[in-house]
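Trainee: Give the three-dimensional model of this entry:
(chains A, B, C and D)
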4 protein chains.
Amino acid sequence: MENSYGKMFRMTSFGESHGSCIGVVIDGCPAGLSVTEQDIQIEVDKRRPGKGVASTTRAEEDKVEITSGIMDGRTTGAPITLVIWNKDIDSSQYEKIKDLLRPGHADYTAHVKYGGYNDYRGGGRFSGRITASFVIAGAVAKKLLKLAGIDIIAHAVEISGITAETMSYDEIRKNVEKNELRCADPKAAEQMLKAIEEARAEGDSVGGLIEGIALNVPVGLGEPVFDTLEGELAKALFAIPAVKGVEFGSGFASSLMRGSENNDPFVVEDGKIVTRTNNAGGILGGISNGMPVVVGVAVKPTPSIAKKQQTVDIVKMENTELEIKGRHDACIVPRAVPVVEAMMAVTLCDFALRAGIIPEVFK
Amino acid sequence: MENSYGKMFRMTSFGESHGSCIGVVIDGCPAGLSVTEQDIQIEVDKRRPGKGVASTTRAEEDKVEITSGIMDGRTTGAPITLVIWNKDIDSSQYEKIKDLLRPGHADYTAHVKYGGYNDYRGGGRFSGRITASFVIAGAVAKKLLKLAGIDIIAHAVEISGITAETMSYDEIRKNVEKNELRCADPKAAEQMLKAIEEARAEGDSVGGLIEGIALNVPVGLGEPVFDTLEGELAKALFAIPAVKGVEFGSGFASSLMRGSENNDPFVVEDGKIVTRTNNAGGILGGISNGMPVVVGVAVKPTPSIAKKQQTVDIVKMENTELEIKGRHDACIVPRAVPVVEAMMAVTLCDFALRAGIIPEVFK
Amino acid sequence: MENSYGKMFRMTSFGESHGSCIGVVIDGCPAGLSVTEQDIQIEVDKRRPGKGVASTTRAEEDKVEITSGIMDGRTTGAPITLVIWNKDIDSSQYEKIKDLLRPGHADYTAHVKYGGYNDYRGGGRFSGRITASFVIAGAVAKKLLKLAGIDIIAHAVEISGITAETMSYDEIRKNVEKNELRCADPKAAEQMLKAIEEARAEGDSVGGLIEGIALNVPVGLGEPVFDTLEGELAKALFAIPAVKGVEFGSGFASSLMRGSENNDPFVVEDGKIVTRTNNAGGILGGISNGMPVVVGVAVKPTPSIAKKQQTVDIVKMENTELEIKGRHDACIVPRAVPVVEAMMAVTLCDFALRAGIIPEVFK
Amino acid sequence: MENSYGKMFRMTSFGESHGSCIGVVIDGCPAGLSVTEQDIQIEVDKRRPGKGVASTTRAEEDKVEITSGIMDGRTTGAPITLVIWNKDIDSSQYEKIKDLLRPGHADYTAHVKYGGYNDYRGGGRFSGRITASFVIAGAVAKKLLKLAGIDIIAHAVEISGITAETMSYDEIRKNVEKNELRCADPKAAEQMLKAIEEARAEGDSVGGLIEGIALNVPVGLGEPVFDTLEGELAKALFAIPAVKGVEFGSGFASSLMRGSENNDPFVVEDGKIVTRTNNAGGILGGISNGMPVVVGVAVKPTPSIAKKQQTVDIVKMENTELEIKGRHDACIVPRAVPVVEAMMAVTLCDFALRAGIIPEVFK
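Mentor: The predicted structure is shown next:
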């Protein structure tokens, strides 16, 4: 607990890395929406590790299966369940290091919280693999948001200190799927790839930044005082393992700015009120202001590294050293990009349903 | 909506800047806790504007009054209501600029969301003043946390680009109330004060960073997957107007680090498992790991500035200029410090009650 | 806890019988609704004890005061707080019997649950008096429902075994406020009054049944599987002290019927689908079917009676006898009638907002 | 929506009668509880139709499968998913009557609410079959309650007007599984069976009453004001299709009683406070008082009957007649008995976890 998220569009995630499946129940999706396994599969496939960048030995086929809530290709109003059956599981590596706490992972906290009964195999419930269930829910949310004209894109803006050039949203969208890093700037992507390979060669890993953007969000989404758009998006994004920071618009940089600089002047343009700049990241008073909603997400370097690390054997209560075998993603930023999109979609979809702006699907 | 926060310890905030009161209902506080108006008043007084730094014409007396839930100085198990009656209200300034959207404020989004019926006087429900209700709830939460040995401190670590020296938690606690900036580094505080005065002289404002620290948090608080400690703290902190970024431990800086650097090695110390460093900010897998919980909070420069600003008259739908009269805090960071503490306290108290670690008060 | 009810229209009740006030925070009310203290007062006044029937020494003036959420007579979208300040409180009677558990009251369970810190004066938080906060919230809900054409009436159908004649909804509405028993059948009302007076003369009390009816409820309110219209209405009605049973349509009587008798045949009438009978009480599959929603509510005899009763002194842990002084309502059915209406209104309003059928007030 | 129930022990139900499965996600179950498929299967098998009484052509094998949350036979703290794959589905009967609204069923309300996209096959999400997911969750809840010494029994007390003799809880427990009617009085059971057979021979059905009893419930479960034990139990029980009334203790009969009769006198017995009678059904002020929690549940006659019924063709909007083919349970009371137990278990387990009285399983 708490494995559910959302008030009007609620996802309940279940499954473990090395259990029989990863899945999600979606409650609150309007009836009559066309949803096929293929629609969802496209999004889930984005979570697949790229070949150059990142790599796990696990050949994650990840075939999505609809098990409830959809009849004749349309949602029925009943809860939608979607499952990916885990295949190609090899838990043997984990048996060996079962008692050794992997630094940067949830092994220790889960062990204490669950009295040692937590599923430790592949990180169990704390594995990045469970974000597959987020992507599934996000795929459904995106379909609903599309009906309201809302569009979401995320992309890698920094990896290992290498920063992508700023570009227009159109360019980002056009470029983001062109390389396996999901970085819209091809030159930066090349350098990022090098940095990742270098880190991996040294048995190490790197982190980075993701930018998530929601376009065509109407004015009025977000609920003051506690369910602000910022607060709910942040909550949703911090559910992604490895996310350690979230900012909106000018975010942390605003702490260095003057009010006159950071305030976005209002202007009437084509009979519509807009702001000249978007330091607010599309959110004022916790409510969307009609400008693009822009969120920055800090992703820590993958905690699973090949390098020898100091740690503790929790059974013997002794200091010891740990070497994590197998191959791991030396950078999970690219695979986290679709997950950022998914959690933005789920959150915005929930707010859109609260605000009544999603057209009734069945009419 | 949504004016309630928390699952087991729930605060419901109400009131407006220029209405009759600001208050809060606290539901879920165990019975038998000693709570006096004086206990709460001490915390509320911390929100008062400092003399040098910041200043509003409003002489906010802010006397807290208990109106339910407490009998003979002890909580009864019934919902606790605490109210501050608004006094010394002058809404005349706001009448004049009623139709002009103040940049950086919620005027526009609130106007659209509430069809123009929103209380615009002093920002109404979107005023920083409503955080007085957060501080009240936080004061009760702190009393409960104290019973579990948990202690919270927040302090200003950066204002207008001037950064405080790193120091021990003991030093921070000792120094933080010594200056009106709530900066534990007295030298930095002096420079910060100058920067603020400079900005104010120019009719401008500055932002900054607050660090919040929770000490003696036991291992196990936080609920995967969605009610992570990071996610709930972030949600609570983004309820504070002007907060635009939240990070934990190494946060955004972790994006630049290698995994071998950012992972905190585990060691056994005095028969207890600890980590050598605390880049995780005391949280692994969304659950507290026994180390100090450390959160960084970005506060944007006060949007109310004296400088002329470009904006829109929403009734005439015309571009125009706005000059905000009256005196405003040129930097709200110092006044936001106790609010950060309060929201951390409310969140941790909720998790502590969920985990059953707050001693039953009445025994 | 739990002092809040509702998902989209949420009331948070606070206050105690002998504390400083009884009040409610209403969150989720659309902006722009005209609400005056007078609107609310009319409903609150219905809770006043009738002269003949029932009587308490307390002269409950119960003046409603708006303390937040309303500006210039209209809701602003901010939480609405309404308070009744307690006056004319005499707790001396309760001091004397403080340790004696009143049979049929919450004294014992509250004592154990709250470790003896519960407010025992006048039943504290468990007093029927707190239903004043329900009536306040219901008054606002009724105003919203009216915009959707939904109308709610409740009336006493049985008191002390005397049953009112069945009559049309129009007749009920016309008659219900004509006598202090809120029984639409004047003859039955006379007999009921006698029965109540008889019971009171003997230091005793009587119970009864209330029927609640919601007219013009559109098809589609109610959420399967757990937030059924029956389930939520029942939950709301069981919040009223003294309610011990809730049934819909033919309810308990349906257990004696054949399916062919109890099933309501569908027919097309004036181009609309209706049912010939309404054994379903307007609800099929947990969802309103367009017929009147009809709920039966069993109210136990007032537990406060003058007759000597056997009980326990909880401090001495000894058997003893108790005589409750003062005058109490010998039958609370008439005063519970407006409370049943209120809780039906709050529940239906919540569902109406979830379903998006309440017209946006401000347009 | 709303397919989840519970705050600390939350079940999310999914699946349809003629879809691929029926299942449930259980969130909040403490880690370390021993749970096997066999444990659950025993409870699920109780839902099977008896041979004499009731009968459906469907040979419901209903094999329970654990798909997440359990490792090595113990709960891990992760959400537990349990599924029954639907087999032996024949939807052809439903195709034929697809447009004819079955009286007493949710066909009409579901059609309107979901714009005609609802799964109509076998009642889809509104089928009694979905209560299999309730029984699964209840089986886990019962295991937890057992650790706190709480025991739940339900039994049929009336069917078609034939009422079982009152007997002790021990006798009920001993007898209830001895006949397929789950009536503890064997003589009454015989008569009930005859009445059912008679009704079926006439193409009709009968209703009845179930009594649910929870023993050894400690004082203090239930949360005033809105999450009363009565309110939450009622909400949970109304989720069972065909339940139309819920009462506690003397319930509806209390409306005919005097206060002096209905009040349960307190006495000290073996150093413990108990009540001499239990008209309160074990609940005072919404909180358990240590006496058995006793709830009466009215079950309407099965709406599916062979007799010709008047109804409407919703596509043609014409009056017509309907004959439901196939065999249906002429009385669902016996099969609803384990479902009443299950929903009581889930509710009490939730309150027990909120109150912290379930022993930490793993220690």
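Trainee: Around chain C, pick out the residues from chain A.
Mentor: Within reach of chain C by C-beta under 8 Å from any C-beta of the partner chain, chain A has these residues: A:7-8, A:354, A:356. C-beta coordinates here come from the backbone N, C-alpha and C atoms, glycine included.
Trainee: Pull out the buried residues from these.
Mentor: A:7-8, A:354 (16 or more other C-beta atoms under 10 Å in any protein chain shown).
Trainee: Now render these as JSON lines, adding pLDDT.
Mentor: Converted to JSON lines, those look like this (pLDDT from 0 to 100):
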{"residue": "A:Lys7", "pLDDT": "96"}
{"residue": "A:Met8", "pLDDT": "96"}
{"residue": "A:Arg354", "pLDDT": "94"}
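Trainee: Among those residues, which lie within helices?
Mentor: The members of these that map onto helices under DSSP state H are A:Arg354.
Trainee: Could you dump the buried ones among the residues of chain A next to chain C into a markdown table with distance to chain D added?
Mentor: Shown next, in a markdown table, are those (distance: C-beta to the nearest C-beta, whole Å):
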| residue | distance to chain D |
| --- | --- |
| A:Lys7 | 10 |
| A:Met8 | 7 |
| A:Arg354 | 12 |
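Trainee: Filter the residues of chain A next to chain C down to the ones in strands?
Mentor: If you go by DSSP state E, the residues of chain A next to chain C have nothing in strands.
Trainee: Just name the closest of those residues to D:Leu322, please.
Mentor: A:Met8 (35.5 Å; C-beta to C-beta).
Trainee: Who are the contact partners of the residue nearest to that closest one when sequence neighbours are not counted?
Mentor: Distances taken as C-beta to C-beta, 6 or more residues apart in numbering or on different chains place A:Leu353 nearest to A:Met8, at 3.9 Å, with adjacent residues excluded. Counting by C-beta atoms under 8 Å, 6 or more residues apart in numbering or on different chains, A:Leu353 touches A:8-9, A:28, A:30, A:144.
Trainee: between those residues, which is nearest chain B?
Mentor: Of all these, chain B sits closest to A:Met8, with 11.8 Å by C-beta to the nearest C-beta.
Trainee: Does the closest one touch A:Ile357 like I think?
Mentor: No - using C-beta atoms under 8 Å, A:Met8 is not in contact with A:Ile357, being 11.5 Å away.
Trainee: count of neighbours near the closest residue to A:Ile89 other than its chain neighbours?
Mentor: Nearest residue to A:Ile89 in three dimensions, chain neighbours excluded: A:His18, at 5.0 Å (C-beta to C-beta, 6+ apart). By other C-beta atoms under 10 Å in any protein chain shown, the residues close to A:His18 number 19.
Trainee: And A:His18, its phi and psi?
Mentor: Main-chain dihedrals, A:His18, degrees, to the nearest 10: phi -110, psi 20.
Trainee: Per-residue pLDDT of it, please?
Mentor: For A:His18, the model assigns a pLDDT of 95.
Trainee: and what of A:Glu60?
Mentor: 57.
Trainee: Quick check: which ranges of the stretch 201-350 of chain A have low pLDDT?
Mentor: Within the stretch 201-350 of chain A, no range satisfies pLDDT under 70.
Trainee: Let me see the contact set for the residue of the stretch 1-150 of chain A found nearest chain B.
Mentor: Proximity of the stretch 1-150 of chain A to chain B (C-beta to the nearest C-beta) peaks at A:Ala106, 2.3 Å away. With contact set as C-beta under 8 Å, 6+ apart, A:Ala106 has these partners: A:123, A:126, A:241, B:224, B:284-287.
Trainee: Phi, psi for the nearest residue to it once chain neighbours are set aside please.
Mentor: Spatial nearest neighbour of A:Ala106, excluding adjacent residues (C-beta to C-beta, 6+ apart): B:Gly285 at 2.3 Å. Phi and psi for B:Gly285, reported as degrees, to the nearest 10, are phi 60, psi 30.
Trainee: same check, this time on A:Asn3
Mentor: According to degrees, to the nearest 10, A:Asn3 has phi -100, psi 10.
Trainee: Assess the claim that it and B:Phe226 are in contact.
Mentor: Yes - counting by C-beta under 8 Å, A:Asn3 does reach B:Phe226; the two are 6.6 Å apart.
Trainee: Comparing these two, which residue is more hemmed in?
Mentor: Neighbour totals were compared for A:Asn3 and B:Phe226, and A:Asn3 leads with 29 against 23 (other C-beta under 10 Å).
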